[in-house]
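here is a sequence with its predicted model. Questions after.
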Amino acid sequence: MTKTQQVRLARRPSGLPGTDTWNVTTEDLPALGEGEILVKIDYISLDPAMRGWLNDVRSYLPPVGLGEVMRSLDIATVVESTHPDFAVGDAVSGTFGVTEYAVSDGKGVTKIDLGVAPGPTWLGALGMPGMTAYFGILEVGKLKAGETVVVSAAAGAVGSVVGQIAKANGATVIGIAGGAEKCRILTEELGFDAAVDYRGEDVLHRLRELAPEGIDIYFDNVGGDILDAALANLRRGARIVLCGAVSAYNDEKLRPGPSRYMSLLVFRASMTGFVVFDYADRYPEAVAAIAGWIAEGKLKSREHIVAGGVAQFGETLNMLFSGGNTGKLVLAL
């Protein structure tokens, strides 16, 4: 019998999740049945969307239930198997949750090749953030060469890949990030054409200086005032890709909507939301393309890895809302 430490949802938070949001338990896992695998979790993905999963509201996924193991996408190693498609030692990706070990029937579990990229990259550029970036900018944004693209939360897991995909496809790319160091990384390491520090610069006027003819695509990860700044700087026919609104995820009351939404009318622009799961049948296409750009040196995958146990999950998750990470945030067990 295998013992595992797990993180369960103890209460639904109001605002930023606190220590009382979580309950760390130790459980005995059942022996394997036919067609099952036992996996050891190596890396846990931490994503802004996790905050939304804690709210008891209707969304694209059901909320995590009280007392349930916290939902997460993980990279793991198969340590025992009665499943014909998985062997001991296989590296796999799956939604196993915030736990040290897990039993699975193999549904939704994918074998990954650690020879192509290390485990954390399979949670970043080759994982859900990469899939989100790829389909968001190319399918929803309908990117064309020569266009001007602005990305918010550009130093984060999704934004950093969005900008690099846009550059690889011939766009001029402006990133918005918090702090001089993140802006330096965008321009000097990731190849962005320019960066705006929302903590130290007037975003609306800086975008007007950097894109005097207007923005063709704004990829929105934050919402709020930065979304309004982008709306004020659109070009005719612009597309706004709604991916997330991290600035509001911990708000206790709903904020007013965008104040400059009439720019959509003036500039004949569109604002479209999407959920990456809608493109699940095309993930192999995106993985192949992104892996190719990595091999060609056109795309760099950045991971911010925190080493610890599952008990560190809560404090590590909150780094996403303080701007404490650069690139994909991963908890390494």
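Great, that's in hand.

use CA for all of it now, contacts and neighbours both
OK.

can you give me the strands in the stretch 151-300 of the chain?
For the stretch 151-300 of the chain, the strands defined by DSSP state E, counting those that start in this stretch cover 172-177, 194-197, 215-220, 234-242, 270-273.

and what of the stretch 1-150 of the chain?
Using DSSP E, counting those that start in this stretch, strands in the stretch 1-150 of the chain cover 2-9, 22-29, 37-46, 74-81, 91-94, 101-104, 110-111, 148-151.

those strands: which one's closest to residue 128?
Nearest to residue 128 among the strands of the stretch 1-150 of the chain is strand 37-46; the distance by Cα to Cα comes to 9.4 Å.

what comes into contact with that closest one?
Residues outside strand 37-46 that contact it (Cα atoms under 8 Å, 6 or more residues apart in numbering): 32, 72-83, 86, 97-106, 119-120, 123, 316-317, 328-333.

please redo it, this time with the cut-off set to 7 Å
With contacts defined as Cα atoms under 7 Å, 6 or more residues apart in numbering, strand 37-46 is touched by 72-83, 98, 100-106, 120, 123, 317, 329-333.

relative to strand 2-9, how tilted is it?
30 degrees (axes from the mean of the first three to the mean of the last three Cα atoms, to 10 degrees).

in this structure, which residue is most central in space?
The centroid of the chain falls nearest to residue 129 when counting by Cα atoms, centre = their mean (4.1 Å).

circling back to that earlier point, dump the strands of the stretch 1-150 of the chain to JSON lines, plus mean pLDDT and distance to residue 177.
What follows is the strands of the stretch 1-150 of the chain, written out as JSON lines (pLDDT from 0 to 100; distance: least, Cα to Cα, whole Å):
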{"stretch": "strand 2-9", "mean pLDDT": "97", "distance to residue 177": "31"}
{"stretch": "strand 22-29", "mean pLDDT": "97", "distance to residue 177": "30"}
{"stretch": "strand 37-46", "mean pLDDT": "98", "distance to residue 177": "19"}
{"stretch": "strand 74-81", "mean pLDDT": "98", "distance to residue 177": "27"}
{"stretch": "strand 91-94", "mean pLDDT": "98", "distance to residue 177": "29"}
{"stretch": "strand 101-104", "mean pLDDT": "98", "distance to residue 177": "36"}
{"stretch": "strand 110-111", "mean pLDDT": "96", "distance to residue 177": "33"}
{"stretch": "strand 148-151", "mean pLDDT": "98", "distance to residue 177": "9"}
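
if you compare the ones you listed, which one is most tucked away?
Highest mean neighbour count among the strands of the stretch 1-150 of the chain (mean count of other Cα atoms under 10 Å): strand 148-151, with a mean of 27.

with that, I have no additional questions.
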